[in-house]
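>>> coordinates for the following, if possible.
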Amino acid sequence: MGSIVLDSSVLIALLNAGDKHHVAAREAIKNKNIFFVSAISFAEVLPTAISQGKGDFIRENIKLAVSRVFDVTEEIAIRAAEIRASNGGGTPDAVISATAKLAKAELWTFDKKLAKNHPGARLLA
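Numbers count the residues shown, from 1 in each chain. Next comes the predicted model:
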């Protein structure tokens with residue numbers, strides 16, 4: 001049983017039955033791994049839910065589905081800055097990558113660029 005940080009793209013696919021990766025995301029999380037997310041994923045996942053009046057419901061369901069939500073600490077922010085300095089990319093992806101590294105967890109994503117920039121990441125589709 002391993003520890004896994006789920007990228008925002010995986011959460012979005014899980015929460016949206018119409019997403020092209022929905023089935024793959026559901027299949028991927030069926031195993032008995034320990035799942036984590038970065039708090040920054042809430043900023044990426046929740047805007048649509050909030051605009052539909054479902055923000056609290058979605059946030060609580062994410063929290064129930066994972067073992068831990070990692071806050072963006074100073075240490076994670078510094079690691080994210082180092083990641084951005086070495087390969088570019090955006091801040092949310094760098095924070096999620098830094099979270100996985102500090103948690104000593106595998107990173108699962110549907111984002112090809114993030115998977116390429118994070119050694120050992122699992123590209124789910």
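
>>> for stretch 96-111, buried residues please.
Of all the residues in stretch 96-111, those buried under the rule 16 or more other CB atoms under 10 Å are 96-101, 103, 105, 107-111. Heads up, the C-betas are built off the backbone N, CA and C, glycines and all.

>>> so how far is that stretch off the chain centroid?
Chain-centre distance of stretch 96-111: 7 Å, with CA atoms, centre = their mean, to the nearest Å.

>>> how far does that stretch stretch from start to finish?
End-to-end span of stretch 96-111 (CA to CA, to the nearest Å): 12 Å.

>>> and the gap between the residue of the chain most remote from its centre and residue 112?
Centroid-distance maximum for the chain: residue 53 at 22.4 Å, with CA atoms, centre = their mean. For residue 53, the distance to residue 112 equals 33 Å [CB to CB, to the nearest Å].

>>> on that earlier part again, name the nearest of the buried residues of stretch 96-111 relative to residue 5.
Proximity of these to residue 5 (CB to CB) peaks at residue 100, which lies at 4.0 Å.

>>> quick check: the closest one touching residue 107?
Yes: at 4.0 Å, residue 100 counts as touching residue 107 under the criterion of CB atoms under 8 Å.

>>> spit out the residues that contact those two alike.
Common contacts of residue 100 and residue 107 (CB atoms under 8 Å, 6 or more residues apart in numbering): 5, 118, 121.

>>> phi, psi for the last one please.
The main-chain torsion angles of residue 121 are listed as degrees, to the nearest 10 and equal phi -70, psi 150.

>>> residue contacts, it?
97, 100, 106, 107, 108, 109, 114, 115.

>>> check those and tell me the two furthest apart.
The span of those, defined through CB to CB, is set by 106 and 114 at 12.9 Å.

>>> just to revisit the earlier point, out of the contacts of residue 121, which comes closest to residue 25?
Here the nearest of those to residue 25, counting by CB to CB, is residue 108; it sits at 8.9 Å.

>>> so the closest one touches residue 11, yeah?
No: using CB under 8 Å, residue 108 is not in contact with residue 11, being 10.3 Å away.

>>> okay, and which of the contacts of residue 121 map to strands?
Residues of these located in strands (DSSP state E): 106, 107, 108, 109.

>>> quick check: closest non-adjacent residue to the last one.
So the one you mean is residue 109. Distance criterion CB to CB, 6 or more residues apart in numbering; nearest residue to residue 109, sequence neighbours excluded, is residue 7 at 3.7 Å.
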